[in-house]
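Build me a model:
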Amino acid sequence: MNNNDQRDFLTPNTGYLPPLPNSTVSLVMGILSIVVCGIGLVLGIIGLVMANKDLELYNNYPGKYSIASYNHTKTGRTCSIIGISLNVLFVIVYAAILIFAFTAQDNFR
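All right, here's what the predicted structure looks like:
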């Protein structure tokens, strides 16, 4: 084996690693799911699905993608979960207000 054929496996790969395919999209969807009420639930679910696919891809091939995109994906997943939770809470509160308004309207007749 020549010296040119040997690789040092102890030093990290200093070459350019591509980002995960949907890391930025899942991050943007997660942030928008927090900011936008109503449609944020749909955006959060889309962001969560994309983030989970990317996390599975990274776990299958950890040295193939950059760690920065992995961190973006984890942040996007967290934001999506927060956005979904806030939007579900918003829907529950809105439904309770509507139910209260319609029952109160019947009481005043």
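
Find the least confident helix or strand in the chain, judged by mean pLDDT.
Least confident element among the helices and strands of the chain, by mean pLDDT, DSSP states H and E: helix 67-107 (a mean of 93).

which secondary structure element contains the residue nearest to Leu86 when sequence neighbours are not counted?
With Cβ to Cβ, 6 or more residues apart in numbering as the criterion, Leu86 has its nearest non-adjacent residue at 6.4 Å, and that residue is Ile34. C-beta here means a position set from N, CA and C on the backbone, and glycine is covered the same way. Element membership for Ile34, per DSSP states H and E: helix 23-35.

relative to helix 67-107, how tilted is that helix?
Note on geometry: by axes from the mean of the first three to the mean of the last three Cα atoms, to 10 degrees, helix 23-35 and helix 67-107 are set 20 degrees apart in direction.

List the buried residues for helix 23-35?
Ser23, Val25, Ser26, Leu27, Val28, Met29, Gly30, Ile31, Leu32, Ser33, Ile34 (16 or more other Cβ atoms under 10 Å).

Check the contact between the residue nearest to Leu86 and Ile82; I expect there is one.
Yes: counting by Cβ atoms under 8 Å, Ile82 is a contact partner of Ile34 at 5.9 Å.
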